[in-house]
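Predicted model follows, preceded by the sequence.
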Amino acid sequence: MQERVYVNIYCKIHTDNFSDEMVEKMATGSEIYEFLMKDADQCYDDKGEIIPGDSNIWYLGCNEKCGCLVYENNISSWGLGESSFKRVRLFVDIMHRDGLFTREQYHNLIKKIREGRRINDMYAIDDYLISKREGKPWYEIRSGFRDIIKRIIPKTLGALGRKCFQAYHQ
């Protein structure tokens, strides 16, 4: 029987559409692995059909809002525009070091992280999956969206302040 460990794996995407399946849970390494690799079902084609293949792990590495990765006493959280695959890789590495993943599971997670880095923008995942499905090469790497979000935050807070609203940002 596999050991259960405390995890809290979450990020805010869209209007809070990310799964809460691993929020404040006791889970085995296999359950964590399955969750990270599992489709988030957030991508749709022009016909409104779900495009399969958008792994949860990708949204943890390239969302524009906030999130957290907690494994026992290892805590990593981020705010607007601060997600990164480096953070996700460290999370996976620590759990692997502690024996939660098999060698095969670990290698599959690392491959999925590398693939996510190529996309690097949660709003490009659908385009990437369509290109992959159609056998077309993927060239677009959007790297500036986090910087755009970081520039928008102070402007938005300033505009709200001028309208007599009080806004809090972490």
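Sure thing, it's come through. The model shown is predicted, which means the values in this text are computed figures rather than measured ones.

In the protein, where is pLDDT below threshold?
1, 140-170 (pLDDT under 70).

can we see that at 90?
1-2, 14-16, 45-46, 64-65, 80-82, 131, 133-134, 136-170 (pLDDT under 90).

after the lengthiest strand in it comes which helix or strand?
With DSSP state E setting the assignment, residue counts place strand 5-11 as the longest strand in the chain. Following strand 5-11 in sequence order, the next helix or strand is strand 25-27 (DSSP states H and E).

Name the surrounding residues that touch that following strand.
Contacts of strand 25-27 with the rest of the structure, by Cβ atoms under 8 Å, 6 or more residues apart in numbering, involve Arg4, Val5, Tyr6, Val7, Asn8, Phe35. (Each C-beta comes from the backbone N, C-alpha and C, glycine too.)

6 Å instead, please
Strand 25-27 is contacted from outside by Arg4, Tyr6, Val7, using Cβ atoms under 6 Å, 6 or more residues apart in numbering.

Endpoints of stretch 44-53, how far apart?
The first and last residues of stretch 44-53 sit 11 Å apart, counting by Cα to Cα, to the nearest Å.

Quick one: distance of that stretch to the chain centre.
19 Å (Cα atoms, centre = their mean, to the nearest Å).

contacting residues around that stretch?
In contact with stretch 44-53 (Cβ under 6 Å, 6+ apart) are residues Asp39, Asp41, Cys43, Asp126, Leu129.
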